[in-house]
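1. Build me a structure from this.
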Amino acid sequence: MPRNPVITRRGALRAAAAVAVAAGTGGALAATASGAGSGHAVIPDPLMSQWYVKNEHVWDNEDYSEELQGITAGTEYWYIANNSDDGQEGIWRVTHDFSQRTRMLRNPARDHHLGDISFDFARNRIFAALEPAKVWEIAISGAQRSTVRIAPLGGSGPRPQGNSMPWCAVNPRDGLLYSSAFGDSGEPITEVTQVHAYDPADGFRLVRTVALPHAVRRVQGGAFSARGRLYLSSDASKDVRGYALPATGGGPGVYLGSCGLNAPDLEVEGLVVGYPKNHATQAGGHMWVHAVCLDNDWPSGDDAYVKHISVPDAMAL
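-> Numbers count the residues shown, from 1 in each chain. The predicted structure is shown next:
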């Protein structure tokens, strides 16, 4: 029995998404490398073997915690993505200390599943993943916010993810929007072996595909560090995994390691690397990686956990 109607909607969307993956796109990258990808040392090393969950914020059965899917950090606030389908779904703004929450925008495409989100400081935009694969672009100016567009991922060109789009994240190094499929049994793409980069300045046209050094399943979130390192959250392995992607070309990327989220009975969702910029000096204990997990209660509301991960050196991310 589905845990709530939202999952029924997402399941229906994914069943309908059994469309052919664009023929030939990234085909040369289908074979993935093992181990650490290219084998070249990554400097500085983020030392992911030393990461650990230091503490967590817990929201019990709140309107904003129901089907909480993603999180990102802007200039002044955190932003969270709610896919509850009960009138509260959309983007919420949260103060840096998590004490106050305000819903900013309701999801204008309410028949689409809202996933993980990303803040783009260069454009003052939030990009949100919608399924079937579309990008919800939101302009942020102080307390003002407005929908810029909802556009298909890939534009009129190749769509290597089909309709699957659990997350999207802007790489500050190249300004491109990256995403991947979800990757699970019974879906058109059963495992994630590559990530794809799209150009927001060109209608989200596909620019390149980068192979990962190994397959990942049930990818729920993705976020970039200031160095352009990609971190993915997996609900299959219940962890955060790091990759150094090549600046150009198809990879494969270099595997940096993983950090377990201590969430065996929770659903792992999205993540963010960083802290609201104007409050970054208050990030205690090098807690610069934050992942959302859900206790999918039914019929009562979901409990949401924001797990704060301590890292040895935030400058090495």
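2. For the stretch 201-317 of the chain, which segments count as strands?
-> For the stretch 201-317 of the chain, the strands defined by DSSP state E, counting those that start in this stretch cover 205-216, 219-224, 229-234, 239-244, 254-260, 267-273, 287-295, 303-310.
3. Likewise for the stretch 51-200 of the chain?
-> If DSSP E, counting those that start in this stretch is used as the criterion, the strands of the stretch 51-200 of the chain fall at 52-60, 68-73, 78-82, 90-94, 101-106, 113-120, 125-131, 134-141, 144-152, 169-170, 177-179, 192-199.
4. and the last one, average pLDDT?
-> For strand 192-199, the per-residue pLDDT values average out at 98.
5. Indicate each strand paired with it and its parallel or antiparallel sense.
-> Paired neighbours of strand 192-199 in the sheet (DSSP bridges): strand 177-179 (antiparallel), strand 205-216 (antiparallel).
6. Put together a markdown table for those strands, with distance to Ala236 and mean pLDDT on each row.
-> (Each C-beta comes from the backbone N, C-alpha and C, glycine too.) Listed next are those as a markdown table, based on distance: least, C-beta to C-beta, whole Å; pLDDT from 0 to 100:
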| stretch | distance to Ala236 | mean pLDDT |
| --- | --- | --- |
| strand 177-179 | 18 | 98 |
| strand 205-216 | 7 | 98 |
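7. Flag every buried residue along stretch 221-231.
-> Using 16 or more other C-beta atoms under 10 Å as the burial criterion, the residues of stretch 221-231 that qualify are Gly221, Gly222, Ala223, Phe224, Ser225, Arg227, Arg229, Leu230, Tyr231.
8. For the second one, give its distance to Val192.
-> What it means is Gly222. With distances taken as C-beta to C-beta, to the nearest Å, Gly222 is found 10 Å from Val192.
9. Equivalent analysis for the fifth one, please.
-> When C-beta to C-beta is the yardstick, Ser225 and Val192 sit 20 Å from each other.
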